[in-house]
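Student: just coords:
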């Protein structure tokens, strides 16, 4: 049910012209901000984001959102 809701939310955002902001906050399981710092760091490693070891949780969320 959760993927359906996320899909519907993305469709609604697209309809009102703000879909470009949705990928910055969402990942397959929900919002990036819901992940732990360790989980975000792991994703940042996979995305090869420079400076990730010095980033705060909020900075990791922002960097991962910009990378998607």
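Tutor: On my side now, so go ahead. Bear in mind the structure is a predicted one, so any value in this text is a computation, not a measurement.
Student: Contact partners for residue 53?
Tutor: Residues near residue 53 by CB atoms under 8 Å, 6 or more residues apart in numbering: residue 41. For every residue, glycine as well, the C-beta is placed using N, CA and C.
Student: go on, residue 36?
Tutor: Going by CB under 8 Å, 6+ apart, the list of residues near residue 36 reads residue 57.
Student: Quick check: phi and psi at it.
Tutor: Backbone torsions of residue 36, given as degrees, to the nearest 10, read phi -80, psi 170.
Student: For residue 60, see how far away it is.
Tutor: Shown here: residue 36 relative to residue 60, a distance of 10 Å by CB to CB, to the nearest Å.
Student: Kindly report the same for residue 37.
Tutor: 7 Å.
Student: And for residue 38?
Tutor: Residue 38 sits 10 Å away from residue 60, going by CB to CB.
Student: about what we covered before: which one of residue 37 and residue 60 has more residues nearby?
Tutor: A direct count of neighbours by other CB atoms under 10 Å for residue 37 and residue 60 places residue 60 higher, at 24 against 13.
Student: Okay, now the unreliable bits of this structure?
Tutor: 1-30 (pLDDT under 70).
Student: I'd like to know which elements the helix or strand harbouring residue 44 is packed against.
Tutor: According to DSSP states H and E, residue 44 maps onto helix 37-46. If contacts are counted by 3 or more CB pairs under 8 Å, 6 or more residues apart in numbering; DSSP states H and E, helix 37-46 sits against helix 57-67.
Student: which parts of the helix it packs on are buried?
Tutor: 57, 60-65 (16 or more other CB atoms under 10 Å).
Student: Adding distance to residue 45, write those out as TSV.
Tutor: As requested, the buried residues of helix 57-67 are exported to TSV (distance: CB to CB, whole Å):
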residue	distance to residue 45
57	15
60	10
61	15
62	16
63	12
64	11
65	16
